[in-house]
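Chemist: With the input below, show me the fold.
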Amino acid sequence: MSKLTDHTRQTLDVIAAHSDALRAIDTDDNVSESWREKLRVDALDAHRRELDDARTRARSIHSDQTWAAHGLRPQLDADSPAALIRSEQAWNNVVRPLLDTGVSLSEALAGAGVDAALGAERFAAVHVAITLPDRSIDTARSIVAESVGAAFVAAEADPAKAAVLQDALDADAQLATFDYAVDRAEAGDTLAAALAAHAPTDGTDAPE
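Modeler: Predicted coordinates for the structure are as follows:
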């Protein structure tokens with residue numbers, strides 16, 4: 001489990017504890033109404049601060065997960081003619097022919113190796129865009145980034161390093177899940193929040 005997923009679940013526990021505390025205040029027959037109102041205001045203020053801290057922490061974890069993979073992710077050496085040639089040949093001879101048969105980019109990169117992924121990173125966006133209904137280059141770039149990132153994870157032989165790369169790949173989806181789950185829990189929809197917090201975050205979109 002990634003730190004961001006764990007943080008999401010911990011934050012939902014904080015929200016649940018706050019709800020229980022408010023319920024205890026509301027059902028305490030040993031306090032006056034004026035004191036009950038003060039207790040509620042104090043509890044709500046403290047909870048707002050807790051949530052502000054949790055949201056800040058979520059974004060810090062997101063940044064850490066993304067940065068941790070920086071030195072592990074394969075990079076194309078643009079100053080190396082040999083590296084440029086290898087990535088272009090892998091694109092032209094391996095990846096593009098598969099795309100022309102109708103397979104997805106992630107399928108084309110499966111097992112194709114790092115040079116193929118680097119070649120796709122260089123050349124695939126336009127090729128992918130023309131297959132989309134709206135031909136959006138931004139959407140195509142997102143697809144390429146996701147597919148290339150997954151290929152780098154698959155190509156990493158060290159499980160610990162692969163896990164770091166996977167966490168970085170999933171970081172955006174996990175942060176979106178955090179925001180969604182917290183918003184739903186605060187709105188009282190604890191079931192939707194719990195389902196989101198315990199669903200896989202493998203690069204798919206968070207619930208809407």
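
Chemist: ok, longest helix in the protein?
Modeler: Longest helix of the chain, by residue count under DSSP state H: helix 33-68.

Chemist: Only the buried residues of that helix, if you could.
Modeler: 36, 39, 47, 51, 54, 57, 58, 61, 62, 65, 68 (16 or more other C-beta atoms under 10 Å). The way it works is simple: take the backbone N, C-alpha and C, and place the C-beta from them, glycine included.

Chemist: For the closest residue to the fifth one other than its chain neighbours, give me the pLDDT.
Modeler: In space, not counting the residues next to it along the chain, residue 54 is nearest to residue 11; the distance is 4.5 Å by C-beta to C-beta, 6 or more residues apart in numbering. Looking at residue 11, its pLDDT is 96.

Chemist: So what's the residue count around residue 11?
Modeler: Using other C-beta atoms under 10 Å, residue 11 has 23 neighbouring residues.

Chemist: if I pick it, what's in contact with it?
Modeler: 51, 54, 58, 178, 181, 182 (C-beta atoms under 8 Å, 6 or more residues apart in numbering).

Chemist: show me where the chain has strands.
Modeler: In the chain, no strands are found when defined by DSSP state E.

Chemist: for it, what spans make up the helices?
Modeler: Remark: helices assigned in the chain by DSSP H are 3-26, 33-68, 81-90, 96-100, 105-109, 114-129, 137-155, 159-186, 190-198.

Chemist: mind putting the ones you listed in a markdown table, distance to residue 75 included?
Modeler: Shown next, in a markdown table, are the helices of the chain (distance: least, C-beta to C-beta, whole Å):
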| stretch | distance to residue 75 |
| --- | --- |
| helix 3-26 | 24 |
| helix 33-68 | 15 |
| helix 81-90 | 9 |
| helix 96-100 | 22 |
| helix 105-109 | 17 |
| helix 114-129 | 8 |
| helix 137-155 | 10 |
| helix 159-186 | 13 |
| helix 190-198 | 34 |
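
Chemist: Contacts only, for residue 56.
Modeler: Here residue 56 is in contact with no residue (C-beta under 8 Å, 6+ apart).

Chemist: From residue 178, how far out is it?
Modeler: Here residue 56 is placed at a distance of 12 Å from residue 178 (C-beta to C-beta, to the nearest Å).

Chemist: now, the most widely separated pair of the buried residues of helix 33-68?
Modeler: 36 and 68 (46.9 Å; C-beta to C-beta).
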